[in-house]
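Asks: Just a sequence and a predicted model for now, questions to come.
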Amino acid sequence: MQTSSTIRFLGKTAILAGVAAPLAASAAPNVTGLLMYRDLVLGTINSIIVPILISIAFITFIIGVYRYFVSEEGSAKRSEGSQFVLYAVIGFAVIFSVWGLVNVVGYTFGLMGQTAPSMQGVPIN
């Protein structure tokens, strides 16, 4: 029983070594692809996802305010409208606090607006 687990372990180790050996042999990593990927992800989040989330929270807020003021006092629609307003305000708070936290962490560790340092004499292809 122990022999089969040892063989499996050695097989997994050999596969890992086969995959990791070319990476370890490469002294200069390809940083350009990683930077392009980072810029694509951050650009998508900042220019598409965050505005969509803010728009959804704003529309929810407007619907809640409309339902609250148009409905009769004490009706279910009025309480539903106040719940919509509450959910929208919570959504705004979460969106802006996470966005602010990401910016604080990014600027604290120097990750915002920075690029990787160039490695002189090493071709990046």
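Replies: It's in.

Asks: distance of G64 from N103?
Replies: Counting by CB to CB, to the nearest Å, the separation of G64 from N103 is 28 Å. In short, each C-beta sits where N, CA and C put it, glycine included.

Asks: which of these two has more neighbours?
Replies: G64 (20 against 12; other CB atoms under 10 Å).

Asks: Need the per-residue pLDDT for that one.
Replies: Predicted confidence (pLDDT) for G64: 87.

Asks: That one reaches Y87, doesn't it?
Replies: Yes: taking CB atoms under 8 Å as the definition, G64 is a contact partner of Y87 at 7.5 Å.

Asks: Enumerate every residue touching L86.
Replies: G64 (CB atoms under 8 Å, 6 or more residues apart in numbering).

Asks: That one: helix or strand, and which one exactly?
Replies: In this structure, L86 sits in helix 76-108 according to DSSP states H and E.

Asks: can you list the weak-confidence ranges in this structure?
Replies: Within the chain, the stretches falling below the threshold (pLDDT under 70) are 1-4, 10, 14, 16-35, 38, 110-125.

Asks: 80 - rerun?
Replies: For the chain, residues meeting the criterion pLDDT under 80 lie at 1-47, 102-125.
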